[in-house]
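Asks: okay, predicted coordinates and the sequence, questions at the end:
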Amino acid sequence: MTETKDPTLTRDSPFLHATRFWHRLDDDRVQCDVCPRECKLHEGQRGLCFVRARLDDAIVLTTYGRSSGFCVDPIEKKPLNHFYPGTSVLSFGTAGCNLACKFCQNWDISKSREMDTLASKAAPQTIAQAAKDAGCTSVAYTYNDPVIFHEYAIDTAQACRELGIKSVAVSAGYHKPEARREFYQYMDAANIDLKAFTEDFYWKLTGSHLADVLDTLQYLKHETKVWFEITNLIIPGHNDDPKEIEAMSRWIVDNLGCDVPVHFSAFHPDYKMLDVPATLPETLALARRIAMEHGIHYAYTGNVHDSDGDCTRCHQCGEKLIERDWYEILNWHLAPGGVCPKCATPVAGVFDDEPGNWGRKRMQVRF
């Protein structure tokens, strides 16, 4: 699926950037090879993601150095509960997205076709320095999906690495293997949105395929050292069947192991699914219970106030190790080295000996 020729697409834009994941087809089209959508473009056309386009017989990124905004968040908001808990992360994204989710919770950014959405301009080095100046442990590529601003994210991650800043990808995992391999060389952590566990859901509600996302999850687990966690947005009537959650939990344990944290997050009516009710807290609690009963060591609830669902416990003895209220750490009982102080069981994750103290604050950053 592609858009018609865009007359505004010219070489005059200061935000164009060359890309390399594409190839020419025999029918005079050029195929983008960043994601499994494989948009096949004539001259002047944009892909479904909106930000990658064909210009002068090549695929270019049209939004390099231009963002939909920057904000310092708690790392738990990504959500990542086992990657430097309590620390702050500088978050940013661009317009566009390579999925077509009818329930998108960030649709004003990810579905935007207006360049005015891209209000902030910043070079990779500027972002890295801003993160350091703000005391952030990491930078997150988020809000839409960093898959589509591949080159901008990688260059920013490289600039961050030079300053000792970590990089976090918040993604739907819809990635082709070669581009994915390059991308995750520069990422330290990720949260992958496993939107459901049926192909029917993926195709009808996102325009994508489940198998490609599962492949990304297995790649991250078995071929990288990237710390990653999973988010499952539970939508009433669409992916909340306990049998589906059980099947997903079994797959995670069998293919990724018991230690990958899973966040069950509440849906709220948005975008093209305004007629679907919000997820009940009881539904999230049930999903969390099913996950743990089937072997997942760390399961959480999100977008609802649930102190037990926010809490990190030792999977061996049940000791409460990290007590949270929303995104704020209230009590820290994790022993140095990331182990349970009661039974010495290691807790999977990336931890400092003490937590960060950013709390639940959200701070806009302007350049």
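Replies: Good, I have the coordinates. Because the structure is predicted, anything quoted here is derived from the model rather than measured.
Asks: start and end of stretch 306-325, how far apart?
Replies: End-to-end distance of stretch 306-325 (CA to CA, to the nearest Å): 8 Å.
Asks: contacts for that stretch next, please.
Replies: For stretch 306-325, contacts defined as CB atoms under 8 Å, 6 or more residues apart in numbering pick out 76, 81-82, 85, 258, 264, 281, 284-285, 288, 297-298, 300-302, 326, 329-334, 340-343, 345, 347, 355, 360. To be clear about C-beta, it is placed using only N, CA and C from the backbone, and glycine gets the same treatment.
Asks: contact partners for residue 329?
Replies: 85, 86, 322, 323, 355, 356, 359.
Asks: now the buried members of the contacts of stretch 306-325.
Replies: The neighbour count (16 or more other CB atoms under 10 Å) marks 76, 81-82, 85, 264, 284-285, 288, 297-298, 300-302, 326, 329, 332, 334, 340, 347, 355 as buried among those.
Asks: quick one: which of these sit in helices?
Replies: 284, 285, 288 (DSSP state H).
Asks: now pLDDT and distance to residue 271 too, for these, in CSV please.
Replies: What follows is these, written out as CSV (pLDDT from 0 to 100; distance: CB to CB, whole Å):
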residue, pLDDT, distance to residue 271
284, 98, 21
285, 97, 26
288, 98, 26
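Asks: quick one: which of the contacts of residue 329 is nearest residue 68?
Replies: Checking the contacts of residue 329 against residue 68 with CB to CB, the nearest one is residue 359 at 24.4 Å.
Asks: so that closest one touches residue 76, yeah?
Replies: No: counting by CB atoms under 8 Å, residue 359 stays clear of residue 76, with 10.0 Å between them.
Asks: and the strands in the stretch 151-300 of the chain, which stretches?
Replies: 166-171, 189-193, 227-234, 262-266, 299-302 (DSSP state E, counting those that start in this stretch).
Asks: what's the most buried one of the ones you listed?
Replies: strand 166-171 (a mean of 26; mean count of other CB atoms under 10 Å).
Asks: partners of that one, with directions?
Replies: Paired neighbours of strand 166-171 in the sheet (DSSP bridges): strand 138-141 (parallel), strand 189-193 (parallel).
Asks: which of those strands sits closest to residue 24?
Replies: The closest of the strands paired with strand 166-171 to residue 24 is strand 138-141. By CB to CB, the value is 28.8 Å.
Asks: could you dump the strands of the stretch 151-300 of the chain into a markdown table and include mean pLDDT and distance to residue 9?
Replies: Formatted as a markdown table, the strands of the stretch 151-300 of the chain follow (pLDDT from 0 to 100; distance: least, CB to CB, whole Å):
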| stretch | mean pLDDT | distance to residue 9 |
| --- | --- | --- |
| strand 166-171 | 98 | 26 |
| strand 189-193 | 98 | 29 |
| strand 227-234 | 98 | 33 |
| strand 262-266 | 98 | 36 |
| strand 299-302 | 97 | 38 |
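Asks: would you turn those strands into a markdown table with distance to residue 34?
Replies: Output for the strands of the stretch 151-300 of the chain, formatted as a markdown table (distance: least, CB to CB, whole Å):
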| stretch | distance to residue 34 |
| --- | --- |
| strand 166-171 | 12 |
| strand 189-193 | 16 |
| strand 227-234 | 19 |
| strand 262-266 | 26 |
| strand 299-302 | 28 |
